[in-house]
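Undergrad: A predicted structure for the sequence below; I have some questions about it.
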Amino acid sequence: MIRVRGLSKSFNGQKVLDAIDFDVATGEIVAVLGPSGTGKSVLLLHLIGLMTPDSGEVDIDGVQVSRLPEHALLKFRRNVGYLFQDSALYDFMTVEENLAFPLREHGGLKAAEIKSKVREFLEMVDMADAGMKYPSQLSGGMRKRAALARAMVTGSKVLLCDEPTSGLDPIRSRDISFLIKGLSKKLGCTTVITTHDVKNAFRCADRAMVLHEGRIVIDGVEQKLRASTDPFVKEFLE
């Protein structure tokens, strides 16, 4: 589903991504681990086409994302759900209106169908009673849930999550991690999560990659990462 080859990106002469290669199979959940400032979010922005690589290619479901013109990129992004680190809900809209917005933008659904789909996805994230609230009335965990529902409501088969547990306490972090895993598996999403939260990454991901100095230093299941003798990997996981 997702194929990245030779992906490189520099800013002001500093290389952030250095010839990265990896694949994500259809329906797989992969976590990209690493400390803050290691390029995890930059990688995610390349996957959705919000950044253009200096070299290399990003292919998602047969689409060469890194080569798409702007009008084609806009169409492509409609099929990718993106959970922003700060949730990025519209403050002037209720939760229901936030979820309805992308459905209206995509077109093709009647008002009753939009309302039904919004309710369906709010129930999936245990927020059926919060639809008329505004983001300012929600806790951090509830905002994450609402943002996750919005990211998935259009039926996207690719879900990108940028630091989904950032700013949450341990219990809410655990809950949102299990929710991402459950919904991804239920809806058949191919999911990429960037995070420095090791414990919750292993809770929801099928496998994880560790990003360091612009390169993926290890890629595999939890047991493989835990068994690594690489000094950076050992220090980071501990």
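TA: That came in fine, so what should we check first?
Undergrad: Okay, domains of the protein per the record?
TA: Annotated domains of the chain cover 1-79+157-174+190-238, 93-156 [automatic domain parsing].
Undergrad: first vs last residue of the longest one, how far apart are they?
TA: Same thing as domain 1-79+157-174+190-238. 32 Å (CA to CA, to the nearest Å).
Undergrad: Ok, the last one next?
TA: For domain 93-156, the first and last residues are 22 Å from each other (CA to CA).
Undergrad: Quick one: list the elements packing against whichever strand or helix holds Cys161.
TA: Cys161 belongs to strand 158-162 when assigned by DSSP states H and E. Helices and strands touching strand 158-162, by 3 or more CB pairs under 8 Å, 6 or more residues apart in numbering; DSSP states H and E, are helix 40-47, strand 80-83, helix 140-152, helix 170-187, strand 190-195. Where you see a C-beta, it was placed from the backbone N, CA and C, and this is true even at glycine.
Undergrad: Need the pLDDT of Ala19.
TA: Note on Ala19: pLDDT of 96.
Undergrad: so it sits in a helix?
TA: No. According to DSSP: H, G, I helix; E, B strand; the rest coil, Ala19 belongs to no helix; its state is strand.
Undergrad: and it, what does it touch?
TA: 6-8, 55-56, 215 (CB atoms under 8 Å, 6 or more residues apart in numbering).
Undergrad: Go ahead and confirm Met127 touches Met142.
TA: Yes. The pair Met127 and Met142 qualifies as a contact (CB atoms under 8 Å) at a distance of 6.6 Å.
Undergrad: returning to that earlier point: just the helices and strands packed on strand 158-162: most buried one?
TA: strand 190-195 (a mean of 26; mean count of other CB atoms under 10 Å).
Undergrad: contacting residues around it?
TA: 1-2, 24-34, 40-41, 43-44, 47, 157-166, 180, 184, 201, 204-205.
Undergrad: now stretch 141-152
TA: 81-84, 87-89, 95, 98-99, 101-102, 121-122, 124-127, 130, 135, 138, 159, 161, 164, 168, 172, 175-176, 179-180, 183, 187, 189.
Undergrad: when you check the contacts of Ala19 against the strands, which ones overlap?
TA: Secondary structure from DSSP state E places 6-8, 55-56, 215 of the contacts of Ala19 in strands.
Undergrad: Now, of the residues you listed, which are buried?
TA: When neighbours are counted using 16 or more other CB atoms under 10 Å, the ones in strands among the contacts of Ala19 contain these buried positions: 7, 56.
Undergrad: would you turn the ones in strands among the contacts of Ala19 into CSV with distance to Glu235?
TA: Below are the ones in strands among the contacts of Ala19 laid out as CSV (distance: CB to CB, whole Å):
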residue, distance to Glu235
Gly6, 28
Leu7, 25
Ser8, 26
Ser55, 30
Gly56, 28
Arg215, 16
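Undergrad: farthest-separated two in the ones in strands among the contacts of Ala19?
TA: Farthest pair in those (CB to CB) is Ser55 and Arg215. Separation: 14.4 Å.
Undergrad: quick check: angle from the lowest-mean-pLDDT helix or strand in the chain to strand 158-162?
TA: Ranked by mean pLDDT, DSSP states H and E, the helix or strand of the chain with the weakest confidence is helix 70-77, at a mean of 87. If you take axes from the mean of the first three to the mean of the last three CA atoms, to 10 degrees, helix 70-77 sits at 90 degrees to strand 158-162.
Undergrad: Show me what counts as buried in helix 70-77.
TA: Using 16+ other CB under 10 Å as the test for burial, helix 70-77 gives 76-77.
Undergrad: what does stretch 47-66 give?
TA: Buried, per 16+ other CB under 10 Å, within stretch 47-66: 47-49, 51, 53, 56, 58-60, 63, 65-66.
Undergrad: for that stretch, the distance to its chain's centre please.
TA: On the basis of CA atoms, centre = their mean, to the nearest Å, stretch 47-66 sits 15 Å off its chain's mean C-alpha point.
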